[in-house]
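**Q** just the structure for this:
(chains A, B, C and D)
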2 protein chains.
Amino acid sequence: MASEFEARLRAVSLRVTRPRLAVLAALHDHAHVDTDTVIALVRAELPRVSHQAVYDVLRALTDAGLVRRIEPAGTSARYEARVGDNHHHVVCRSCGAIADVDCAVGHAPCLTASDDQGFMIDEAEVVYWGTCPDCATRRIDQ
Amino acid sequence: MASEFEARLRAVSLRVTRPRLAVLAALHDHAHVDTDTVIALVRAELPRVSHQAVYDVLRALTDAGLVRRIEPAGTSARYEARVGDNHHHVVCRSCGAIADVDCAVGHAPCLTASDDQGFMIDEAEVVYWGTCPDCATRRIDQ
DNA sequence: CTCTAATCTGGAATAGTTCAAGTTTGGCAC
DNA sequence: GTGCCAAACTTGAACTATTCCAGATTAGAG
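**A** Okay, here's the model as predicted:
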């Protein structure tokens, strides 16, 4: 598994360092985690890693396309290891929980704007807003 | 025009105050403005309005559905007066410019998730990412 | 093994937003 | 019109997520 991550780093010509491997492992095990959580997960293995290093690593990995950064309105940045398939997300309005949703229509970019205003569009990002199962039942209970 | 805004405030049982009228006027004249810009526009008419008041007003108006808050990843919050038609936005990756795009398919919610993961979805938000005409030509020029 | 650019550490700074306590004011009852 | 009071506003400080900076460390090419 570690060698798998190592190969991915080399494939995009990034140096193989412990913090980077730890971040990749953390994102592989946990979907949609925020930066603080990544820091905590990384420090479980490498206690001395600085928060700045994690920010740097996440940026490097995002730029290289190894991880994807998502940032629904009103939340801090979250990261996921699932990339390249243009899937979307459902976000719970009350607790912020995030779940994956496969592309609604065909492949990326799965949507075409009716009038692009002269913009050169390269991605259509979809966020579904709603209430997650937990919050829905909790609301009924009260 | 002022009485138009006054009527809208009363319609959602919000008190009619100068700061609120000024914010509505500012959003009516300028699309997709951030909070700082709203503050500047409001202060052009009412120099003594606090930034906190503007934040409060924007929240009250958003909660009441009179304005819409948008917050593309990596930017601060922006507000627009166009509400109720479920239109979407194109955002320029290099300069952050935002333009309106009519709903791609039908009416709100114009998209249905292929698998909703048990969530009760009430809105599908679409953000198109790309390059605006200005930035496109600027890049060619260089 | 050596060298050096890339990366990481520690600490301080910034932007955007929210919190808290006290003052003012819009809208209703009289 | 006058008085009342909850809603709205002012002032000023606090907070969170993120970035900047300067110096120490280290991966990996030669």
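
**Q** domains of chain A?
**A** As assigned by automatic domain parsing, chain A contains the domains A:2-78, A:84-141.

**Q** wait, which of those domains is closest to DNA strand D?
**A** Proximity to DNA strand D, assessed across these by C-beta to the nearest atom of the strand, is greatest for domain A:2-78 (3.1 Å). (C-beta placed from N, C-alpha, C; glycine too.)

**Q** give me the mean pLDDT for the closest one.
**A** For domain A:2-78, the mean per-residue pLDDT is 93.

**Q** could you give the separation of it from the chain centroid?
**A** How far domain A:2-78 lies from its chain's middle: 10 Å, per C-alpha atoms, centre = their mean, to the nearest Å.

**Q** any residue of that domain up close to DNA strand D?
**A** Yes. Using C-beta under 7 Å from any atom of the strand, domain A:2-78 comes into contact with DNA strand D via A:9-10, A:15-18, A:34-36, A:51-52, A:55, A:59, A:71, A:76-77.

**Q** can you say which of those are buried?
**A** Buried members of the residues of domain A:2-78 next to DNA strand D, counted by 16 or more other C-beta atoms under 10 Å in any protein chain shown: A:9, A:35, A:71, A:77.

**Q** now the two most distant members of those residues.
**A** Comparing all pairs in those by C-beta to C-beta, the longest separation belongs to A:L9 and A:E71, at 23.9 Å.

**Q** just name the closest of the buried ones among the residues of domain A:2-78 next to DNA strand D to B:Y128, please.
**A** Of all these, B:Y128 sits closest to A:E71, with 15.9 Å by C-beta to C-beta.

**Q** for that closest one, give me the backbone phi and psi.
**A** Torsion angles at A:E71 (phi, psi; degrees, to the nearest 10) stand at phi -150, psi 70.

**Q** distance of the residue nearest to it when sequence neighbours are not counted relative to DNA strand C?
**A** Counting by C-beta to C-beta, 6 or more residues apart in numbering or on different chains, B:A73 is the residue found nearest to A:E71 once chain neighbours are left out, at 3.8 Å. To DNA strand C, B:A73 is 13 Å away according to C-beta to the nearest atom of the strand, to the nearest Å.
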